[in-house]
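> sequence first, predicted model second:
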Amino acid sequence: MKKKLLAVLLTAAMVMGLAACGSGSSGSNSAPAADSGSKTEEAGSGNAASSDDPWADVDTSEHVVISYMTTGDAPTQTKERYEEMMAQLNEKLTEKVNAELEIYFIPWTDYLSNYNLTLARMDGTVDLVGTASDWLDAWPNAKNGAFLELSEEMLQKYAPKTWASVPAENWDLCKYNGDIYLMPEDNYAQWTNHGFAYRLDWAKEAGLNDGVKSWEDMTTYFHYIREAYPDIIPWDSDATQYGQMSGGWISSHSDYVSIDGINAGAMWGGKRSDLYTVYCPYMTDTDSLVEYAKMMKEWDEMGVWRTDVLNNTSSTNRDDFRVGKVAAEQHHTQTWTDLCSPQRPSNTIFQDDDDAEVGFFYFGEETGNVTALSITHGAMAVSAGSAHPERALMVYDLIRNDPELYMLFNYGIQGVSWDVNDEGMKITPEGYNADTDNIAGTVNFWWGRNDDLEIKDATLNWDAIDKLYAEYDKIKIEYPYGQFVPDVTEIDAYISNINEIFENYMKQISYGKYNGTAEEIVAEFQSALEAAGVNEVTAELQRQFDELYK
Amino acid sequence: MKKRKSELTFFQKVVRSRTLLLMCLPAVIFFFAFNYMPLPGIWVAFVRYNYRKGIFGSDFIGLDNFKFLMTSGKLLELTRNTVLYNLVFILLGNFLAVFVAILLNEMRSKYFKKVSQTIMFLPYFISQVLVGILVFNLLNYDTGFVNGILTSLGLERWQPYADPKVWPVILVIVYLWQQTGYNSVVYFAAIMGIDGEIIEAAKVDGANGFQKIRYIILPSLKGTIVILLLFALGGIVKGNFGLFYNVVGSNPMLYSTTDIIETYVYRATVVDFNFSRASAVGLYQSVIGFIIVMTVNYIVKKIEPDYSLF
């Protein structure tokens, strides 16, 4: 009998062990990281440099390596230039603060899982963490304890220039429960609202003399491409853009303003006319959604994308756009600024065709519904598992504010990877080869770019860009929900299921791959959302809104 | 007095079988390190996990993490898909493996035997990601191999990526193609272990090839088959994520027949990254698996006590 019992228990343990394996390993370190700061502060001595050195009394006698985590792929072809740059940078960092910087790349494939998993390790693998409240789970990670609270004293002491350059009201937007967790990239002008980049010259051929101004124009454009250029796939999408498209449609057909950082579909928000009443447009704007579903079915049947778009994982649409193999690219304004510039060597469409022009149809253009970026669209945090948070802050302060280090880090070595022309604009030096020398996009320092130090890029098409930016500035509103950090503990079980339903149905709707009529699929989608608790989520968010804004 | 004697025998037993015990040691260490030590980690399924507080310091929230599975309203469908697919994989897989093992055994030409065994074994080493790409390149609508043949024959194109009905068949074929060579090795070895004299004797008695298989080889394999089935059944609620995720991808048109617990959980939690909830799902699968193993073992024991696991 005893044997039998033992056998039962052993079997149970074996089967359970498999379950625990998946998660157990990740949780065991409860690193007491927050208090490791005191050590270096006490020691007053150290290698003090000049008298105006703000860190004169900081002990930097121990040489440390600061690891900075960013999304992005490690360089391959440009590896040599990258390593030269890092060597120079580290030489200077060693001289200034006796530290070295190392980049911990999170490759784009499944970046969010890998990003969060690395943070959860909490073993000092990373010190500085590039993060974002809207696309990189900054707040959930702050709540999970992954980020270190940055006290004002700490920031003043170890990141003095950053502390001084960020206004108090912006620091307020980086707080959760009264503590600062993020250092925002708040001095960098950029637009990351989405839309379609398209061939303006082809649109004109199609009779759209002012270019594409609406979704209907987009349909006309795609129709024309199918007829006039049958060899071209209008848009070789890989089916990951379903949420951007449906969100874009809603912006273009209402005055919806979404709240960042609740879920990937940005499914909740207010209206421009009534900012603080929360609603979910996917539940209320039924007629508009049906119209959307119909139009996407039309696009699908027309052959805008490949027939098996939902299983297409090998698309290289953006590069294809540069060489004229496709006719549209769905992404944000920042990407378009690159695509529309004839001076960029990789954009061969301009060399092949003198008439080539690249226009941008931004979502919300019909209704003038454009919201500026939240300042925490890019921000730097310090990992709670970091063994050297002070030195990490010092390194960040330098690469964000020191002109020499900033340019070295972001552009590469001057004279090799970039240079300045007589007008003070950034150009490519002689003998420059973009494939092996261009490391401007490598370090992905999207968490501390600084317009005071940025050099305008001479290869960009500033005429077109400035024109669009001016247009945006006229119609934009500032992101209204900066102070709102949603507390989802009570509703995140609903949100998980809603995410799944959103992806499931929106993929079918946005790519016109549904059976039955548009009305039926939208109704099915809405009833699934309702069953999953969408109204409970809306009500809870409204309650939190009322607490904050009333 | 009696106690001392039994102590002595235990010690004697240890000494006598020291070689065997030593040989067991790696397995014991392995299971202890990877299956027993993480056991307390199951606790993470019942807390709101905070990285800094650790598993046991986080707030206890009872069964809240299981709520998401229940409220999805899909638990039954997902469990059904998972179990049915696995059932087919296990039954067909073992049947085919036995079949192939017997065929291999009957082959006369040594070289042909080796070559065919190797070729069948190879797919097992191909990663699931590549298998997914392979299947896509065979079946896709615009440039797929199958459709290339169909159009050149003047037939209409086939669009499997929009038709959920064909996927159970495709997935089973892919699974069998990948696993049969590997699975048959165990059975082949068992056949090799059958006492040659029995077969010799049967031949003298005038048994033909089929009779030899029916009355000697199959009955000798029965024990192996039952044990392998019992082992496989323990994992019947655990889906083959690699296969389903890579071959089906995230194509919602096919979910009705291809969605298993793993793929659903992946989609629902990959965005908000919740350890506790993922563990809750793991625990749910383990408990169900445990119940199934115990039940089946009980039934086997009733019928044929020799073949039960314990």
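Sure thing, it's come through.

> C-alpha from now on. contacts and neighbour counts both.
Will do.

> now stretch A:480-488, how far from the chain's geometric center?
Relative to the centre of its chain, stretch A:480-488 is centred 18 Å away, using Cα atoms, centre = their mean, to the nearest Å.

> CA atoms of that stretch as PDB?
Extracted in PDB, the C-alpha atoms of stretch A:480-488 (Å, rounded to 0.1, in the frame of the first residue of the first chain):
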ATOM      1  CA  PRO A 480      -4.400  64.400 -23.300                       C
ATOM      2  CA  TYR A 481      -4.000  61.300 -21.000                       C
ATOM      3  CA  GLY A 482      -0.400  61.800 -20.000                       C
ATOM      4  CA  GLN A 483      -1.100  61.600 -16.200                       C
ATOM      5  CA  PHE A 484      -3.200  58.500 -16.600                       C
ATOM      6  CA  VAL A 485      -1.500  55.300 -15.600                       C
ATOM      7  CA  PRO A 486      -4.300  52.600 -15.900                       C
ATOM      8  CA  ASP A 487      -4.500  50.200 -13.100                       C
ATOM      9  CA  VAL A 488      -5.500  46.900 -14.700                       C
END
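
> for that stretch, buried residues please.
Burial within stretch A:480-488, assessed by neighbour count using 16 or more other Cα atoms under 10 Å in any protein chain shown, is assigned to A:P480, A:Y481, A:G482, A:Q483, A:F484, A:V485, A:P486.

> need the contact partners of that stretch.
Defining contact as Cα atoms under 8 Å, 6 or more residues apart in numbering or on different chains, one finds that stretch A:480-488 is touched by A:139, A:172-173, A:176, A:259-262, A:275, A:374-375, A:541, A:544-545, A:548.

> and stretch A:232-246, by the same measure?
Outside stretch A:232-246, the residues that touch it by Cα under 8 Å, 6+ apart are A:194, A:222, A:225-226, A:264-265, A:292, A:303-306, A:309-317, A:325-330, A:503, A:506-507, A:510-511.

> which members of those additionally contact chain B?
With the criterion set as Cα under 8 Å from any Cα of the partner chain, the members of the contacts of stretch A:232-246 near chain B are A:A264, A:R306, A:L310, A:N311, A:K507.

> picking that back up, quick check, nearest of the buried residues of stretch A:480-488 to A:N535?
Nearest to A:N535 among the buried residues of stretch A:480-488: A:P486, at 15.9 Å, using Cα to Cα.

> burial measure for whichever residue of the stretch 1-150 of chain B sits closest to chain A, as a count.
For the stretch 1-150 of chain B and chain A, the shortest gap (Cα to the nearest Cα) falls at B:N35, measuring 4.1 Å. Using other Cα atoms under 10 Å in any protein chain shown, the number of residues around B:N35 comes to 19.

> could you do B:S256 as well?
13.

> how about it, what does it touch?
Taking Cα under 8 Å, 6+ apart, we find B:S256 in contact with B:P164.

> just the mean pLDDT for the host helix or strand of it, thanks.
Assigned by DSSP states H and E, B:S256 falls within helix B:255-258. For helix B:255-258, mean pLDDT is 89.

> before we move on, what about stretch A:341-357?
The pLDDT scores in stretch A:341-357 average 91.

> next SSE after the helix ranked longest in chain B?
Determined from DSSP state H, the single longest helix within chain B is helix B:75-106. Next helix or strand after helix B:75-106 toward the C-terminus (DSSP H and E): helix B:110-121.

> show me what that next one is packed against.
When contacts are defined as 3 or more Cα pairs under 8 Å, 6 or more residues apart in numbering or on different chains; DSSP states H and E, helix B:110-121 packs onto helix B:167-192.

> show me how far the helix it packs on is from its chain's centre.
For helix B:167-192, the distance to the chain centre is 11 Å (Cα atoms, centre = their mean).

> just checking, A:E500 touches B:D259?
No - counting by Cα atoms under 8 Å, A:E500 stays clear of B:D259, with 12.0 Å between them.

> which one's more surrounded, the two?
Counted by other Cα under 10 Å, A:E500 and B:D259 do not tie: B:D259 has more neighbours, with 26 against 22.

> list the residues that contact the more buried one.
B:D259 touches B:L78, B:N81, B:T82, B:F244, counting by Cα under 8 Å, 6+ apart.

> can you pick the most crowded of those residues?
With neighbours defined as other Cα under 10 Å, the most crowded of the contacts of B:D259 is B:L78; it has 23 neighbours.

> and the gap between that residue and A:P403?
56 Å (Cα to Cα, to the nearest Å).

> just want the most central residue of the chain.
Using chain A here. Nearest to the centroid of the C-alpha atoms of chain A, with distances taken as Cα atoms, centre = their mean, sits A:W135, at 4.9 Å.

> that's the other chain; I wanted chain B
Taking Cα atoms, centre = their mean, the centroid of chain B lies closest to B:A232, which sits 5.3 Å from it.

> where in chain B is pLDDT low?
Low-confidence regions of chain B, defined by pLDDT under 70, span residues B:1-8, B:270-272.

> and the strands in it?
B:47-48, B:59-60 (DSSP state E).

> just those: most buried one?
Of the strands of chain B, the one with the most neighbours on average (mean count of other Cα atoms under 10 Å in any protein chain shown) is strand B:47-48, at a mean of 22.

> partners of it, with directions?
strand B:59-60 (antiparallel) (DSSP bridges).

> quick one: contacts of the partner strand?
B:F46, B:V47, B:R48, B:Y49.

> check which residues of the longest helix of chain B are buried.
Within helix B:75-106, judged by 16+ other Cα under 10 Å, the buried ones are B:75, B:78-87, B:89-90, B:93-94, B:96-102, B:104.

> which of those residues come close to chain A?
With Cα under 8 Å from any Cα as the criterion, these include none near chain A.

> what does the stretch 151-300 of chain B have sitting close to chain A?
Counting by Cα under 8 Å from any Cα, the stretch 151-300 of chain B comes close to chain A at B:161-162, B:234, B:248-253, B:264, B:267-273, B:275, B:278-279, B:282-283, B:285-287, B:289-290, B:294.

> three-state assignment of A:F196?
Of the three states, A:F196 takes strand under DSSP: H, G, I helix; E, B strand; the rest coil.

> could you find the closest non-adjacent residue to it?
Closest residue to A:F196 apart from its sequence neighbours, by Cα to Cα, 6 or more residues apart in numbering or on different chains: A:Q330 at 4.5 Å.
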